[in-house]
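Participant: Provide a 3D model corresponding to the input given below.
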Amino acid sequence: MELDLSKYLGLFVSESKDHLEALSRTLVDLERARPGEMPDLVDKMFRHAHSVKGMAGTMQFEGIAMLAHRAEDVLGALRGRSGAIEPELVDLLLAVTDALQGMVQLTASGQPPGGPDEELAGNLSRAAAALKRTEKAEPAEALARAAEAPPAPARASGPTPPPPAPEARRLQVEVEVAATCPVPSVRGYLVLKRLESLGSVLAASPGHEDLKAGRIPERRLFATIETSQTPEAVERALAQIADLSRVSALPEAGPATPAPPAPVRPEPGPEAQRTVRVRAELLDGFLDVVGELLLATARLRAVGRAIPEAQRRAHDEGVDRLHSIVKDLHGKVMAARMTPFTVLSDRLPRAARDLARRSGKQVDVAVSGAEIEVDRSLLEEIADPVLHVLRNAVDHGLETPAERISAGKSATGHVEVAARRERDRVVVEVSDDGRGMDPERLRQAAVEKGALSREGAAALSDAEALELACLPGVSTARVVTDVSGRGVGMDAVKSAVEALGGSLAIESRRGHGTRIVMRLPLTVAVQPVLLVRVGQEILALPVSKVHGAAEVELERLERSGGSPLLGFGGGHVPVHDLATLIGLEPGRASGRRSVVVTEGEAGRVGLAVDQLLGQEEAVLKPLQRPLSLVPGLSAVTVLGSGRPVFVLDVPRLVAA
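Facilitator: All right, here's what the predicted structure looks like:
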């Protein structure tokens with residue numbers, strides 16, 4: 001019976017991606033490592049490449065296994081080397097890592113990975129051969145000892161006899177799979193396959209059939225093999241297999257030796273927490289169901305208001321208990337979705353390194369707060385904005401080494417990515433020590449693009465002028481490259497951050513550097529909203545975007561260009577009738593109206609509404625087509641009464 005490998009495809013893809021990402025990170029670290037740190041880093045990379053090769057071989061993906069084997073040859077040749085690693089060799093290994101990731105991704109989509117790129121494989125073979133040629137034959141100490149040793153006796157003439165064949169021996173092998181391994185039987189199967197490549201397997205418990213059926217009692221495997229390898233060599237070969245907590249290979253005992261006792265499962269300690277891989281889609285489904293439960297609970301509470309007061313107590317107690325349980329369940333689901341920021345930050349040094357190599361710069365990326373946990377969906381949404389800001393910092397923020405030295409700086413530029421928690425928000429900062437941004441050039445660029453008049457641009461403070469970098473098409477970059485200039489694309493970054501309920505700020509000093517600050521919610525699934533009434537419609541505004549509210553008589557406000565101006569926060573904000581913006585009959589022009597001050601595309605704006613209904617925690621649901629195409633709508637939620645309410649995207653609504 002053949003083992004059905006398809007059921008292990010998901011595990012192979014997940015683990016291979018983990019190993020390849022770790023390999024990529026370690027390669028970037030290797031370039032910056034001190035000589036004493038290099039051996040450990042090379043060993044780590046060798047293990048990652050070896051693990052990918054072994055898993056690919058088991059899954060019968062020969063192309064992946066072959067390319068990983070070529071990379072393993074290069075890394076093996078680097079072992080024991082004390083000199084610096086050439087950037088060109090790191091480039092080659094990073095290219096191999098990218099190629100392997102692409103091949104693994106093909107298997108994830110059900111396609112065969114095919115063979116590796118012949119040129120890439122050839123470059124690896126040539127690099128391994130060149131490294132072996134440059135290795136020192138012997139260290140100086142060994143050469144000195146050889147010079148002092150007596151000469152070896154001369155050999156008799158005639159043909160050289162062949163070396164004696166190594167003596168075969170029997171070994172007792174015991175392997176224990178780690179408690180954190182999700183599929184221990186697969187690891188046991190890999191162990192048996194490796195033992196078969198080392199010699200003859202005379203006995204094994206469990207055997208092939210049990211392992212194929214997923215049975216490996218106590219996560220342990222015992223085997224007797226006949227091999228020419230030493231026990232130490234067998235242990236080293238098995239130690240290359242991932243997720244093995246113990247490996248033992250001993251010479252076979254005599255027949256009188258009693259059989260080893262049955263293994264005893266150790267009591268798990270607090271540090272041995274069991275984990276299991278869960279598909280992200282399944283967690284998304286859980287969150288949707290919990291959101292529906294929250295809405296159903298609110299609906300029950302609303303229905304209960306119609307029950308006579310005398311009979312309502314039991315109903316309210318039951319609803320309160322149900323709400324408490326659902327909130328607790330919601331918290332646990334959200335905790336399961338929380339992902340450390342390191343999932344994003346681990347990619348950044350590689351991206352900065354590649355860009356610096358292309359632009360002839362030197363960069364050092366420091367990451368702090370990588371352990372901060374945020375909602376997985378939020379992390380996916382901010383990945384591109386953070387990467388874009390980082391690329392801007394390297395490509396247009398940092399100077400060339402010569403420019404930095406002439407400015408009294410070190411030749412290597414520094415970029416710091418920091419994440420931290422501030423109550424219910426996550427703050428992500430990307431800062432550099434480069435040339436900084438020029439407010440005057442931003443004013444000129446905004447005027448040239450027609451975004452501002454000369455008078456309006458001149459009236460802006462330097463801090464306000466920096467915000468012009470977030471207007472579409474405004475850039476201070478002198479040279480256009482394949483990477484966006486400082487400001488080009490920042491409008492997309494700002495829009496992406498604000499769409500998540502966050503905010504973006506820019507701080508910069510000429511000659512000292514720039515800092516981009518993104519403040520984001522911990523999760524995008526549940527957000528506080530302000531409910532407002534316009535005519536017969538109820539709408540919601542994200543509380544994170546609301547700066548305040550006032551009751552005024554619109555006809556008494558100052559006007560500019562036909563729009564009322566509300567005095568707020570030491571300045572004036574234009575006021576728009578929300579009913580007109582969403583296509584309803586305009587609200588009453590006379591009498592007192594409620595005005596909500598919120599964020600617009602070009603600054604703060606006021607929205608005139610008929611009534612403020614209060615704040616609520618809303619379970620947000622994404623809009624589907626065609627509603628997702630309507631400008632000004634970002635999501636939908638459901639009130640306790642069962643009434644759907646649209647959440648407004650005010651910047652897009654006002655701009656439309």
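Participant: Assess the claim that Gly394 and Gln362 are in contact.
Facilitator: No, residue 394 isn't Gly; it's Val. No: using Cβ atoms under 8 Å, Val394 is not in contact with Gln362, being 10.2 Å away. Just so you know, the C-beta spots here come from the backbone N, C-alpha and C atoms, and that holds for glycine as well.
Participant: Could you tell me which residues touch both of those two?
Facilitator: Both Val394 and Gln362 are contacted by Ala356, Gly413, under the criterion Cβ atoms under 8 Å, 6 or more residues apart in numbering.
Participant: Which of the two has more residues huddled nearby?
Facilitator: Applying other Cβ atoms under 10 Å to Val394 and Gln362 shows that Val394 carries more neighbours, namely 24 against 16.
Participant: which stretch of helix or strand covers Arg515?
Facilitator: Under the criterion of DSSP states H and E, Arg515 resides in strand 513-521.
Participant: As PDB, could you dump the C-alpha coordinates of whatever helix or strand comes next after that strand?
Facilitator: Next along the chain after strand 513-521, taking DSSP H and E as the criterion, comes strand 526-534. Extracted in PDB, the C-alpha atoms of strand 526-534 (Å, rounded to 0.1, in the frame of the first residue of the first chain):
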ATOM      1  CA  VAL A 526     -15.200  45.200  15.900                       C
ATOM      2  CA  GLN A 527     -15.000  49.000  16.000                       C
ATOM      3  CA  PRO A 528     -16.800  51.700  18.000                       C
ATOM      4  CA  VAL A 529     -19.000  53.900  15.700                       C
ATOM      5  CA  LEU A 530     -21.100  57.000  16.200                       C
ATOM      6  CA  LEU A 531     -24.700  56.600  15.000                       C
ATOM      7  CA  VAL A 532     -26.300  59.600  13.400                       C
ATOM      8  CA  ARG A 533     -29.800  60.100  11.900                       C
ATOM      9  CA  VAL A 534     -30.300  61.900   8.600                       C
END
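Participant: so what strands line up beside strand 526-534?
Facilitator: Strand 526-534 has the following strand partners under DSSP bridges: strand 537-542 (antiparallel), strand 611-619 (antiparallel).
Participant: Got phi/psi on Leu202?
Facilitator: phi -80, psi -30 (degrees, to the nearest 10).
Participant: out of everything not next to it in sequence, what's closest to it?
Facilitator: Closest residue to Leu202 apart from its sequence neighbours, by Cβ to Cβ, 6 or more residues apart in numbering: Thr224 at 4.6 Å.
Participant: got it, and Ser453?
Facilitator: Residue nearest to Ser453 in three dimensions, not counting chain neighbours: Val447, with 7.2 Å by Cβ to Cβ, 6+ apart.
Participant: Buried deepest among the strands paired with strand 526-534, which one?
Facilitator: By mean neighbour count, with neighbours taken as mean count of other Cβ atoms under 10 Å, strand 537-542 ranks first of the strands paired with strand 526-534 at a mean of 21.
Participant: got the angle between it and strand 513-521?
Facilitator: 140 degrees (axes from the mean of the first three to the mean of the last three Cα atoms, to 10 degrees).
Participant: which is the next helix or strand following the helix or strand of the chain with the lowest mean pLDDT?
Facilitator: Sorting the helices and strands of the chain by mean pLDDT, DSSP states H and E puts helix 140-148 at the bottom, at a mean of 38. Going down the chain from helix 140-148, the next helix or strand is strand 169-177, by DSSP H and E.
Participant: Can you give me the buried ones in that following strand?
Facilitator: Going by neighbour count (16 or more other Cβ atoms under 10 Å), the buried part of strand 169-177 is Leu171, Gln172, Val173, Val175, Glu176, Val177.
Participant: right, and out of the residues you listed, which lies closest to Phe646?
Facilitator: Val177 (52.3 Å; Cβ to Cβ).
Participant: Name the strands paired with the one helix or strand Val365 maps to and say parallel or antiparallel.
Facilitator: Element membership for Val365 (DSSP H and E) is strand 363-368. Sheet pairing here is set by DSSP bridges, and for strand 363-368 it gives strand 413-422 (parallel).
Participant: elements contacting the helix or strand following the strand it pairs with?
Facilitator: Per DSSP H and E, the first helix or strand lying C-terminal to strand 413-422 is strand 425-432. Here strand 425-432 touches helix 376-392, strand 413-422, strand 513-521, going by 3 or more Cβ pairs under 8 Å, 6 or more residues apart in numbering; DSSP states H and E.
Participant: what about 10 Å?
Facilitator: Applying 3 or more Cβ pairs under 10 Å, 6 or more residues apart in numbering; DSSP states H and E, one finds that strand 425-432 makes contact with strand 363-368, strand 373-375, helix 376-392, strand 413-422, strand 503-509, strand 513-521.
Participant: ok so, going back, quick one: which two of the buried residues of strand 169-177 are the most distant?
Facilitator: Leu171 and Val177 (19.3 Å).
Participant: quick revisit: need the helices and strands packed on strand 425-432 in a markdown table (columns: mean neighbour count).
Facilitator: Formatted as a markdown table, the helices and strands packed on strand 425-432 follow (neighbours: other Cβ atoms under 10 Å):
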| stretch | mean neighbour count |
| --- | --- |
| strand 363-368 | 17 |
| strand 373-375 | 21 |
| helix 376-392 | 20 |
| strand 413-422 | 19 |
| strand 503-509 | 18 |
| strand 513-521 | 22 |
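Participant: Dump these into CSV; add distance to Glu317 and mean pLDDT as well.
Facilitator: What follows is the helices and strands packed on strand 425-432, written out as CSV (distance: least, Cβ to Cβ, whole Å; pLDDT from 0 to 100):
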stretch, distance to Glu317, mean pLDDT
strand 363-368, 48, 91
strand 373-375, 32, 84
helix 376-392, 35, 88
strand 413-422, 35, 91
strand 503-509, 41, 89
strand 513-521, 32, 90
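Participant: now for these, which one comes closest to Ala49?
Facilitator: strand 363-368 (23.8 Å).
Participant: residues in contact with the closest one?
Facilitator: Residues lying outside strand 363-368 but in contact with it, judged by Cβ atoms under 10 Å, 6 or more residues apart in numbering, are 28, 32, 341-342, 344-346, 348-353, 355-357, 390, 393-394, 397-398, 410, 412-420, 429-432, 434.
Participant: Pull out the buried members of those.
Facilitator: Buried among the contacts of strand 363-368 (16+ other Cβ under 10 Å): 28, 341-342, 344-346, 348-353, 355-357, 390, 393-394, 397-398, 413-419, 429-432, 434.
Participant: Low-confidence bits of the stretch 401-550 of the chain, can you list those?
Facilitator: Judged by pLDDT under 70, the stretch 401-550 of the chain has its weakly predicted residues at 424, 473, 475-488, 524-525.
Participant: how does it look with 90?
Facilitator: 421-426, 438-505, 511, 519-530, 533-537, 541-550 (pLDDT under 90).
Participant: Could I get the contacting residues of Glu86?
Facilitator: Glu31, Leu92, Ala127.
Participant: could you check the distance from it over to Ala127?
Facilitator: 10 Å (Cβ to Cβ, to the nearest Å).
Participant: Over to Arg350?
Facilitator: Distance, Arg350 to Ala127, by Cβ to Cβ: 20 Å.
Participant: Show me which positions of stretch 216-228 end up buried.
Facilitator: Buried positions in stretch 216-228, judged by neighbour count with 16+ other Cβ under 10 Å: Ile216, Arg219, Arg220, Leu221, Phe222, Ala223, Thr224, Ile225, Thr227.
Participant: Strands of the stretch 1-150 of the chain, residue ranges please.
Facilitator: Assigned strands in the stretch 1-150 of the chain: none (criterion: DSSP state E, counting those that start in this stretch).
Participant: any low-confidence regions in it?
Facilitator: 1-19, 21-22, 24-63, 65-91, 101, 105-150.
Participant: Can you give the contact residues for stretch 101-117?
Facilitator: Contacts for stretch 101-117 (Cβ under 10 Å, 6+ apart): 6, 9-10, 12-17, 19-21, 23-24, 52, 55-56, 59, 61-68, 70-71, 95-96, 99-100, 121-124.
Participant: what do you get for stretch 452-465?
Facilitator: Applying Cβ under 10 Å, 6+ apart, the set of residues contacting stretch 452-465 is 437-447, 451, 466-468, 471, 474, 505-510, 602-603.
Participant: Go again with 8 Å.
Facilitator: Contact with stretch 452-465 is made by Pro439, Glu440, Leu442, Arg443, Gln444, Ala446, Val447, Leu468, as judged by Cβ under 8 Å, 6+ apart.
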